[in-house]
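Visitor: Any chance you could fold what I've pasted below:
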Amino acid sequence: MGAGWSGSQAWRRPNDRRIGILAVPLSLTVFIVDTFTDIESAIAVLYVLVLLLGATALSRRGLLRAVSGCALLAVLSFFLSHWHDMDLSSVLRCGVSLAAILITGALLVRDHDARALLVQANGALARSEKRHRCMFEQARFSLWEQDFTTVKAELDALRAGGVTELAAHLQADPGWVRRMGALILTTSVNDATVELLGAADRTAVLGPLGRFLPAEDPAMADVLLALWNGRNRFEGRAQLIAADGRRLTVLLGISFPDDGVGFDQVVVGIVDITQRERTQEALLAAQAELARAARAATLGALSASIAHELNQPLGAIALNAQSCLRWLRRDPPDIDTAAKAVDRIVRDGKRAADIVQRTRGMLVKDSRCDETIDLRQLVDEVALLLDRELSAAAAVLVTDFAPDVPPVRGSRVGLQQVLINLVTNGLHAMAEAGCGRRDLTITVEGLADRTQVRAAVRDRGRGIDEDSRARLFDPFFTTRPDGMGMGLSICRSTIESCGGTLTAHNHAEGGAVFEFTIPSTLSPLPAALPPATATSAAAPAPARED
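Guide: The predicted model follows:
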């Protein structure tokens, strides 16, 4: 039986081998007692102990040899001790012993195979762990291993406490998100993370995550909502505060476990896009400046054109007024000639009004107000267009759509520009007010008779002061130092050209509300207006005084 121990596996410990060696003298002892004593019992059953002692030190082949050896020793002992007085009871005792040896051997072989598979699986798992750890360490983008166990427990406690809408809970308790961020523990990071944050070493990054999260960044709330809704993955844009105070813009990817366990080892991937964002911001700023310069140049050219066209009728009005005064100051006054001068003043005033009307028609002639538009869909399109501006302002756009809103009749491009202008103004208002909660709400609903649709944009800024309310829609009036004061004026002109109205007021709970109503497709079409009569540029000059 000693040859069986030569096949022991590498995973067996030295103590197992020493214990297995004791099986050799024990088997010899059992053989001697069973063969040369008169004990009337199944002594050979003790070979089971031999197999149990040797099982941890033997290979599968060695174990089979040990089982065979013990069985042969039992049979040999039986024949040596009962060759001359063999009876039924001795045969039964031998059979019981052989059965015990063979059954124990079969169980030990099965256990050996199971242990071998387990060791093989553990080895593969260890190699996989080592491989993934190597990938984790050598990745050139930031990887974090974080413990979300406490956060998951807090969310489960909220759900058990009757909370069904986490978004409403976040609005009621804005500081809760910050507290949850402090409960997330960073347990491991790679070198790229240390480099990204400008930390001294890895230990400076480990611990609560909250110190690296800006208070106003909405990304943490989005992560908690994803976890609340049972999503196994979250991707989005976020901001981090580096160890030296730098503000970083990153792309964030988090993989949550599918089976509800393993929240103590959540892997978070981060890609730094700060430089890309700054480059894009510089490009957008340059584009905005060019657009502003182009608008200013267009406005200058338009003003020069209007001034040039209005110069002749206004000059004629002034000249005729002077003539009229002189005719009236004569003694006696020449009423008939003065009346003719007044007629010429009226004619030239009408010419000036026609010039203004014609210029306005040129500006809005491309605005078609006969398109059928779903305002709710248009708001969703505007939200996509302004996604970057909302993210940069750390604001959230909330939509409140009535379920049954009829489509409206208007200019898609014009209404889109109106919504963009109102949303952008709201973002500026909240930024200037330094609001902690930057929710911008857009409401779309049909009025009672369904012939009109109302859209409202509400911000949470300081609201509209009384001094500005009366002049809010006047051209060139603005409260911003870099504004031109044309946005709201153009918005009102666009809405009115489509048969609607644009108004503004303060909300009872704070902030300003800009709302417009516009006819729906269910309203009757307005009667067509007669085209404006264009006056000739070569209108006759006013009569001169003799």
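
Visitor: Show me what the host helix or strand of residue 357 is packed up against.
Guide: Counting by DSSP states H and E, the element that carries residue 357 is helix 335-364. Counting contacts by 3 or more Cβ pairs under 8 Å, 6 or more residues apart in numbering; DSSP states H and E, helix 335-364 is packed against helix 274-329, helix 487-497. Where you see a C-beta, it was placed from the backbone N, CA and C, and this is true even at glycine.

Visitor: Please identify which of the ones you listed is closest to residue 357.
Guide: With Cβ to Cβ as the criterion, residue 357 lies closest to helix 274-329 of those, at 11.7 Å.

Visitor: Give me the helices and strands touching that closest one, please.
Guide: Helix 274-329 packs on strand 247-255, helix 335-364, going by 3+ Cβ pairs under 8 Å, 6+ apart.

Visitor: repeat that with 10 Å
Guide: Judged by 3 or more Cβ pairs under 10 Å, 6 or more residues apart in numbering; DSSP states H and E, helix 274-329 is in contact with strand 233-241, strand 247-255, helix 335-364, helix 387-392.

Visitor: Adjacent strands (with direction) for the second one?
Guide: Under the criterion DSSP bridges, strand 247-255 sits next to strand 233-241 (antiparallel), strand 266-272 (antiparallel) in its sheet.

Visitor: Out of these, which gets nearest to residue 334?
Guide: strand 233-241 (79.2 Å).

Visitor: Can you mark which positions in that closest one are buried?
Guide: 234, 237, 238, 239, 240, 241 (16 or more other Cβ atoms under 10 Å).

Visitor: so the last one makes contact with residue 213?
Guide: Yes. Under the criterion of Cβ atoms under 10 Å, residue 241 lies in contact with residue 213, with a separation of 7.1 Å.

Visitor: Chain neighbours aside, what residue packs nearest to residue 254?
Guide: The shortest distance from residue 254 to any non-neighbouring residue, by Cβ to Cβ, 6 or more residues apart in numbering, is to residue 234 (4.5 Å).

Visitor: what sits against the one you found?
Guide: Residue 234 is in contact with 219, 222-227, 252-256, 268, counting by Cβ atoms under 10 Å, 6 or more residues apart in numbering.

Visitor: 6 Å instead?
Guide: Residues near residue 234 by Cβ atoms under 6 Å, 6 or more residues apart in numbering: 223, 226, 254.

Visitor: Tell me what the spatially most central residue of the chain is bridged to.
Guide: The chain has residue 236 as the residue nearest its centroid, 4.0 Å off, counting by Cα atoms, centre = their mean. Counting by DSSP bridges, residue 236 is bridged to residue 252.

Visitor: List the residues that contact it.
Guide: Counted by Cβ under 6 Å, 6+ apart, residue 236 has contacts 219, 222, 252.

Visitor: Let me know the outermost residue of the chain.
Guide: The C-alpha centroid of the chain is most remote from residue 84, which lies 90.8 Å away (Cα atoms, centre = their mean).

Visitor: mind checking pLDDT for that one?
Guide: On pLDDT, residue 84 comes in at 71.

Visitor: Make sure it is indeed in a strand.
Guide: No. Residue 84 is assigned coil when assessed by DSSP: H, G, I helix; E, B strand; the rest coil, not a strand.

Visitor: how many other residues sit next to residue 380?
Guide: Number of residues near residue 380 (other Cβ atoms under 10 Å) recorded here: 15.

Visitor: would you list every one of the strands in the stretch 51-200 of the chain?
Guide: Taking DSSP state E, counting those that start in this stretch, the strands of the stretch 51-200 of the chain run over residues 142-147, 185-189.

Visitor: Out of the ones you listed, which is the most enclosed?
Guide: strand 142-147 (a mean of 20; mean count of other Cβ atoms under 10 Å).

Visitor: and that one with strand 266-272, angle?
Guide: 150 degrees (axes from the mean of the first three to the mean of the last three Cα atoms, to 10 degrees).

Visitor: Show me what strand 142-147 is packed up against.
Guide: strand 185-189, helix 191-197, strand 266-272 (3 or more Cβ pairs under 6 Å, 6 or more residues apart in numbering; DSSP states H and E).

Visitor: Just send the ones you listed back as a markdown table, with mean pLDDT and distance to residue 488 too.
Guide: Listed next are the helices and strands packed on strand 142-147 as a markdown table, based on pLDDT from 0 to 100; distance: least, Cβ to Cβ, whole Å:
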| stretch | mean pLDDT | distance to residue 488 |
| --- | --- | --- |
| strand 185-189 | 91 | 48 |
| helix 191-197 | 88 | 43 |
| strand 266-272 | 89 | 39 |
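
Visitor: Spell out which residues make up each domain of this protein.
Guide: Domain ranges of the chain: 2-135, 139-272, 278-364, 371-519, per automatic domain parsing.

Visitor: Identify, out of the ones you listed, the most deeply packed stretch.
Guide: Mean neighbour count (mean count of other Cβ under 10 Å) peaks for domain 371-519 among those, with a mean of 17.

Visitor: to the chain's geometric centre, what's the distance from it?
Guide: With Cα atoms, centre = their mean, to the nearest Å as the basis, domain 371-519 stands 24 Å off its chain's centre.

Visitor: so where is the stretch 151-300 of the chain shaky, pLDDT-wise?
Guide: 291, 294-295, 298-299 (pLDDT under 70).
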